[in-house]
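In: Sequence isn't available, so here's the structure alone:
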């Protein structure tokens with residue numbers, strides 16, 4: 001019986017380890033989203049329902065995280081959007097200033113914080129996704145009411161990025177009594193009900209711990225965490241993102257129309 005020399009065994013083990021590491025890295029890249037889609041929409045806009053439906057088609061895809069941000073742009077037209085928040089409305093405005101075009105409309109979709117397009121233009125959205133990337137790895141875990149956010153290392157030209165927590169309801173149905181969509185029941189997916197900064201990524205791995213005790217609790221609530229570069233003009237490129245489908249799995253449904261508090265106590269390490 002012939003035995004392989006020890007140096008050859010060591011070399012083979014090293015090759016196997018590198019192969020395993022490459023395989024793990026490849027699987028991580030496959031499961032990590034490459035694009036965050038932010039749809040700015042309004043119940044008072046007759047052109048929005050087609051974009052709202054389109055967002056539902058992106059739900060469940062591994063390569064994107066799609067969220068809906070209802071805004072107040074058209075509240076004066078006879079129907080006040082029941083899901084719209086001030087922070088969503090200001091975020092859309094801030095994007096327009098940061099891009100320099102000051103172009104604000106509904107339905108408007110922004111990909112990775114930079115590229116804006118008509119929210120119902122599926123072909124344009126798919127093209128933007130194809131060229132998108134989110135290179136900063138983010139991992140989320142939840143235990144005993146504390147959300148742990150782990151941000152890794154990435155070779156990107158961003159020194160600082162704000163870490164944002166979005167609390168989302170997976171599906172909301174709204175009957176509209178007045179305005180352009182009068183008599184319709186509109187369906188919304190991954191609706192942002194609360195958005196707040198929870199920390200800073202400064203180019204090196206960091207772990208953030210966030211107690212969820214002050215959030216209104218709903219069994220349908222999940223969360224999306226993004227890391228977004230800040231520029232002197234406003235919000236910049238989104239460099240990383242991750243999501244959890246449920247952050248209050250033991251709770252019962254009943255807070256769908258609740259307005260979440262605007263402040264939070266956070267723990268940062």
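Out: Looks like it arrived, so ask away. Quick caveat: nothing in here was measured; it's all calculated off a predicted structure.
In: Next, find the distance separating the residue nearest to residue 85 when sequence neighbours are not counted from residue 78.
Out: Nearest non-adjacent residue to residue 85, counting by Cβ to Cβ, 6 or more residues apart in numbering: residue 70, 7.2 Å away. Where you see a C-beta, it was placed from the backbone N, CA and C, and this is true even at glycine. From residue 70 across to residue 78, the span is 16 Å (Cβ to Cβ, to the nearest Å).
In: Compare those two (neighbour count), which wins?
Out: The neighbour comparison of residue 70 against residue 78 (other Cβ atoms under 10 Å) goes to residue 70, with 26 against 12.
In: Quick one: residues contacting that one.
Out: Applying Cβ atoms under 8 Å, 6 or more residues apart in numbering, we find residue 70 in contact with 40-43, 81, 83-85, 88, 188, 191-192.
In: Who does it form a beta bridge with?
Out: residue 41 (DSSP bridges).
In: residue ranges for the strands of the stretch 51-200 of the chain, please.
Out: With DSSP state E, counting those that start in this stretch as the criterion, the stretch 51-200 of the chain has strands at 64-70, 108-111, 115-118, 138-143, 146-151, 161-175, 185-201.
In: which of the residues in the fourth one are buried?
Out: So that's strand 138-143. Within strand 138-143, the residues scored as buried using 16 or more other Cβ atoms under 10 Å are 138, 140, 142.
In: Pipe the residues you listed into CSV and attach distance to residue 198 and pLDDT per row.
Out: Formatted as CSV, the buried residues of strand 138-143 follow (distance: Cβ to Cβ, whole Å; pLDDT from 0 to 100):
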residue, distance to residue 198, pLDDT
138, 12, 98
140, 12, 97
142, 14, 93
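In: In terms of distance to residue 199, which of these ranks first?
Out: residue 138 (11.3 Å; Cβ to Cβ).
In: State the pLDDT value of the nearest residue to that closest one once chain neighbours are set aside.
Out: Excluding the flanking residues, the one nearest residue 138 by Cβ to Cβ, 6+ apart is residue 242, at 4.0 Å. Each residue has a pLDDT score; the one for residue 242 is 97.
In: what is residue 242 paired to in the beta sheet?
Out: Assigned bridge partners for residue 242, using DSSP bridges, are residue 225.
In: Quick check: beta-bridge partners of residue 115?
Out: Assessed by DSSP bridges, residue 115 has beta-bridge partners residue 111.
In: Wait, it touches residue 127, no?
Out: No. Look at residue 115 against residue 127 with Cβ atoms under 8 Å: they stay out of range, at 9.4 Å.
In: Low-confidence ranges, the stretch 1-150 of the chain, go.
Out: Residues of the stretch 1-150 of the chain that meet the criterion pLDDT under 70 lie in 1-30.
In: For the spatially most central residue of the chain, give me its contacts.
Out: Note on the chain: the residue nearest the mean C-alpha position is residue 224, at 4.4 Å, using Cα atoms, centre = their mean. Going by Cβ under 8 Å, 6+ apart, residue 224 touches 36, 65, 67, 165-166, 168, 190, 192, 241-243.
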